[in-house]
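Colleague: Here is the input, now give the coordinates:
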Amino acid sequence: MECLTCHNALPDDAAFCPRCGARCADASEAADFRYAAFISYRHIPRDAQVAKQVQRAIETFRLPRHISRETLASPDAATDAPDSSSSSSGASATTSWPKPGAPLGKCFRDQDELAATHSLPQSIRDALAQSRALVVICSPEANESAWVQREIEMFAQLHGRERIFCVLADGSSSESIPPLLKSKLTADTSGVMREMPASPLAADLRPKSPQPQKAELLRTIAAVAGLNYDDLKQRQRARKHRRIAAALGSAAAIVALIGALAFQSYSAYQTALIEESKSLAAQALSLFAEGDRRQAIETALRALPSSESDGSRPLVPEAQAALEKVLAANPDPNQRWVPLYSIDMEDDIIDWALSGDNRWVALLDKSGTVSVFNDHTGEELTTVKPKAFADQTLSDPRLDWFIEPFGPVGLLMANRRGSGDLSAMAPPDADTLKSFEDMYALCTAASGSDGASCIFQRMEDGLYAWRIGLEDESACLVARDFSGFWYPNQTLIMKDILLQDSQPQILPPDLSGFYARCLNDDSSAAYAFMGSTLYSFDFESGQASSISFAGQTMTSMIWLDGDLFYTATDQSEKNDAASLPFSIGAVHADPTPDKQLWTHEDTYQFTYMHRNGNLYSAINPPRICDIIKEPGEHLLLIAAGSTILAVDANTGEATYQHTFGSSIENAAFCFVEEDQWAYVVVLNDGTIDILSPMYSVTTISDQSAFATPYIVDFADICFSRGTGNPVAFIHAADQPNRIVCYQFLPTYENTEFVECTLDELIEMGNYFLGRA
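Modeller: Next up is the predicted model:
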């Protein structure tokens, strides 16, 4: 078959002549296309990159929504570029185009090298037949490719030359555009067909092209879509402007929304901060009530801004009030007892000691750690692990370990069994002042006025009483036969345990009655009660004497002006557990006990209480808690169970007696003035109170009672070095690793209250925490 216009030989299925572009008679082409464009290129990296770029541009382009069908079918739609060489021959009118607003379509880009055959693969032929346009990636190398030439020739046969568009990837137009596209057979004026130059559309995507690549890609898209380039360019510019306007409008709306959300978020954030500050203030007050003042101050500070000028956190009145309360900036008439600090040890506290000069408190826990703290601030001064508490296999920490103060600054640490070591130190110095190996100290007596202490030691040949001070020590043998004081019914068991290392050790005597011991005022004599016998040890003569108290067990004693004052329980017969008899007595002892001066007999009761589902009972034996020393007249403060008595030391008469609802853990005289006095008391149920029966205004009406949240199993009382106000140390039975220190802050009619600013309160808090 040949072309009727130029007589060029054509294959039978050709619809157009590739030389002149004429349509063959009765030729037709598909109205629907699978591909928007077939991209023909030489498979080299540079041309492949440009092919991908063109493919991405065509496939991502959407036809303008408001473009008309007439525009798509316009004869000059894609040919008013200066380098266009052809006009539509009506193909566009018969071509099915995507709807406005839809994607332009997919592109076919063969990614495999074609084999060296004379004919195109059927897949290539099918893709050419189903492509609306042909985009040729032109380069000198592509111009040399036979397959590129065959693809151009076949597309021209199937669809004509009008929809073949060139894209320069490299080189000049003359050396890169294929020969078939650079000329065209055209009839001259005489009707003779001549080879005339053609100028195909060529978008310039060369790397060094002066034309913007976006514009050149848009030129190719306009050609493929059959649109006027300038019209499309204007439409793209208008679309861009609309997008910018929409983006600006959206941005403004988003900014407004963000502003509203930010304001809402800020308001919510401020509200959350206010609620958090209120919660922290409540936590601070709760911690303060539990005695943890340091943590309470830290928590209250967290609830407040860092200063009055700090706007990062709103100032909540509850938080400022909480900080003022936990700092005790002003005395609180409703809470006279203020927590100074709490101390938590790693393990259960089994013993403690207050220094003779009220400067430190030492704690011993079940792990064998001794820690010493400033008794006013709770600051840790030193921590040691004495050798005496190193081995727990041969001793029971709760029964055998103890620490005691001696002298104004000394601390004794001893083990009744096990290694039997005893050592002394002078806190806050952690160095050992004295160390006694293999000394099985049973207990110590209270320090005398000269700073000495008495240590009672069980040895193989008897009981020794040692007088120990910071500079010298002396000993005297006081007794030899104490076989009746071995642990009953446990000798063999204890011996088996103690002889595991094949080293015989001495067992201590039974300590069930070894509560009472003391020194005289000049530390020349010591007194101890064991079993039913009161022993006296004269350090000057090295002699010992005794006096029997049949059926009684002494529970406490003190020496004063040549007399021993004691408390004792009656063990002579079985007694009603609800009413236990006891006695208070005085014995002349100068230096040895020789006669009974007076006896006061009474009864006491034990108490029990429920808390948090647990039952706590307390049977605190009678003991002398304190004494008022006045010339010629002394007054003893006695606690027995839940009863407290004030007893005249000269006559034994009880001048005051009161029974509480809970057992007494400790008590002491305070605010003594001539014939008036008050006393501070710590009860097992956690109550701390001051009662003043000799004053016209009692503490009951003066609201001095304070209920701590603890069950107290032992307590100690001292007095502030600065103010002389009572200070109570309590150990919590329900939190055995903690002690809490409370100080009494009285208020009077003339008490002035100082109004503190926020900055002043914050400064006080940071100072307390050591931050300033």
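Colleague: Strands along the stretch 201-350 of the chain, start to end?
Modeller: Per DSSP state E, counting those that start in this stretch, the stretch 201-350 of the chain carries strands over the ranges 202-204, 337-344, 349-354.
Colleague: Need the winner for burial among those strands.
Modeller: strand 202-204 (a mean of 23; mean count of other Cβ atoms under 10 Å). Placement of C-beta: from N, CA and C, glycine included.
Colleague: Okay, now the sheet partners of it, with direction.
Modeller: Here strand 202-204 is paired, per DSSP bridges, with strand 164-168 (parallel).
Colleague: Mind checking what helix or strand follows the partner strand in sequence?
Modeller: helix 173-176 (DSSP states H and E).
Colleague: got the buried residues for that following helix?
Modeller: Judged by neighbour count (16 or more other Cβ atoms under 10 Å), helix 173-176 contains these buried residues: S176.
Colleague: Turn the strands of the stretch 201-350 of the chain into JSON lines, including distance to D126.
Modeller: JSON lines is the format used below for the strands of the stretch 201-350 of the chain (distance: least, Cβ to Cβ, whole Å):
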{"stretch": "strand 202-204", "distance to D126": "27"}
{"stretch": "strand 337-344", "distance to D126": "86"}
{"stretch": "strand 349-354", "distance to D126": "94"}
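Colleague: Same list as before, those strands that is, but in a markdown table and with mean pLDDT included.
Modeller: Below are the strands of the stretch 201-350 of the chain laid out as a markdown table (pLDDT from 0 to 100):
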| stretch | mean pLDDT |
| --- | --- |
| strand 202-204 | 82 |
| strand 337-344 | 89 |
| strand 349-354 | 91 |
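Colleague: any idea how far T444 is from L560?
Modeller: Per Cβ to Cβ, to the nearest Å, T444 is found 19 Å from L560.
Colleague: Out of these two, name the residue with the larger neighbour count.
Modeller: The residue with more neighbours, out of T444 and L560, is T444; 23 against 16, by other Cβ atoms under 10 Å.
Colleague: Could you pull up the residues touching the more buried one?
Modeller: Contact analysis of T444 by Cβ atoms under 8 Å, 6 or more residues apart in numbering lists F402, E404, F406, L412, A414, S453, C454, I455, F456, R517.
Colleague: Nearest to D685, out of the strands of the stretch 201-350 of the chain?
Modeller: Proximity to D685 (Cβ to Cβ) singles out strand 337-344 among the strands of the stretch 201-350 of the chain, at 14.4 Å.
Colleague: Alpha carbons of the closest one, as PDB, please.
Modeller: The C-alpha atoms that make up strand 337-344 are tabulated as PDB, following Å, rounded to 0.1, in the frame of the first residue of the first chain:
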ATOM      1  CA  TRP A 337       3.500  21.400 118.400                       C
ATOM      2  CA  VAL A 338       5.400  22.000 115.100                       C
ATOM      3  CA  PRO A 339       7.300  19.200 113.300                       C
ATOM      4  CA  LEU A 340      11.000  20.100 113.000                       C
ATOM      5  CA  TYR A 341      12.000  17.200 110.900                       C
ATOM      6  CA  SER A 342      11.700  13.500 110.400                       C
ATOM      7  CA  ILE A 343      14.500  10.900 109.900                       C
ATOM      8  CA  ASP A 344      14.100   7.700 107.900                       C
END
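Colleague: measure stretch 681-689 end to end?
Modeller: Using Cα to Cα, to the nearest Å, one end of stretch 681-689 lies 5 Å from the other.
Colleague: I should have written stretch 339-351 there, sorry.
Modeller: Stretch 339-351: ends 21 Å apart by Cα to Cα.
Colleague: Residues contacting it, please?
Modeller: Contacts of stretch 339-351 (Cβ under 8 Å, 6+ apart): 288-294, 296, 361, 363-367, 369, 371, 373, 376-378, 397-398, 401-403, 727, 731, 736-743.
Colleague: can you check stretch 303-316 too?
Modeller: For stretch 303-316, using Cβ under 8 Å, 6+ apart, the contacting residues are 270, 273-274, 276-278, 280-281, 284, 319-320, 322-323, 757-759, 762.
Colleague: Which secondary structure element is home to V672?
Modeller: strand 664-673.
Colleague: For D689, find the nearest of the strands of the stretch 201-350 of the chain.
Modeller: Comparing these under Cβ to Cβ, the one sitting nearest is strand 337-344, at 8.6 Å.
Colleague: remind me which residues of the stretch 351-500 of the chain are low pLDDT?
Modeller: Scanning the stretch 351-500 of the chain for pLDDT under 70 picks out the ranges 419, 433, 438-440, 446-452, 457-464, 468-500.
Colleague: repeat that with 90
Modeller: 354-359, 374-379, 385-402, 404-500 (pLDDT under 90).
Colleague: from memory I624 sits against S556, does it?
Modeller: Yes. Counting by Cβ atoms under 8 Å, I624 touches S556, with 4.7 Å between them.
Colleague: which residues do those two both contact?
Modeller: By Cβ under 8 Å, 6+ apart, the residues touching both I624 and S556 are Y566, T567.
Colleague: Tell me which stretches of the stretch 351-500 of the chain form strands.
Modeller: In the stretch 351-500 of the chain, the strands defined using DSSP E, counting those that start in this stretch lie at 360-365, 370-374, 380-384, 401-406, 410-415, 422-425, 432-436, 441-445, 453-459, 462-468, 473-479.
Colleague: Give the residue spans of the stretch 201-350 of the chain that score low on pLDDT.
Modeller: Ranges of the stretch 201-350 of the chain meeting pLDDT under 90: 201-204, 206-247, 249-251, 257-267, 269, 288-294, 311-312, 327-341.
Colleague: In it, mark out all the helices, start to finish.
Modeller: 213-225, 229-289, 293-302, 317-326 (DSSP state H, counting those that start in this stretch).
Colleague: Now do the buried residues in the last one.
Modeller: With burial defined by 16+ other Cβ under 10 Å, the residues of helix 317-326 counted as buried are E318, A319, Q320, A322, L323, E324, K325, V326.
Colleague: I'd like to check the angle between the biggest strand by length in the chain and strand 664-673, please.
Modeller: Among the segments of the chain that qualify as a strand by DSSP state E, the longest is strand 593-604. Angle, strand 593-604 to strand 664-673, by axes from the mean of the first three to the mean of the last three Cα atoms, to 10 degrees: 110 degrees.
Colleague: for strand 593-604, packing partners?
Modeller: Judged by 3 or more Cβ pairs under 8 Å, 6 or more residues apart in numbering; DSSP states H and E, strand 593-604 is in contact with strand 543-548, strand 580-589, strand 643-648.
Colleague: Spell out which strands sit alongside it in the sheet and which way each one runs.
Modeller: Each strand paired with strand 593-604, and its direction, by DSSP bridges: strand 580-589 (antiparallel).
Colleague: Which positions in the partner strand come out as buried?
Modeller: L580, P581, F582, S583, I584, G585, A586, V587, A589.
Colleague: Kindly state the beta-bridge partners for the fourth one.
Modeller: Spelled out, that is S583. A568, E601.
Colleague: Against T569, how distant is it?
Modeller: 8 Å.
Colleague: do the first one as well
Modeller: Between L580 and T569 the distance, using Cβ to Cβ, works out to 7 Å.
Colleague: any idea what the residue located most distally from the centre of the chain is structurally, helix, strand or coil?
Modeller: What lies farthest from the middle of the chain is S190; by Cα atoms, centre = their mean that is 99.8 Å. Assigned by DSSP: H, G, I helix; E, B strand; the rest coil, the conformation of S190 is coil.
Colleague: now do I762
Modeller: Going by three-state DSSP: I762 is helix.
Colleague: for it, what are its contacts?
Modeller: Counting by Cβ under 8 Å, 6+ apart, I762 has contacts L301, L304, S306, S307, L323.
Colleague: at 10 Å instead, please
Modeller: 300-301, 304-308, 310, 320, 323, 327, 756, 771-772 (Cβ atoms under 10 Å, 6 or more residues apart in numbering).
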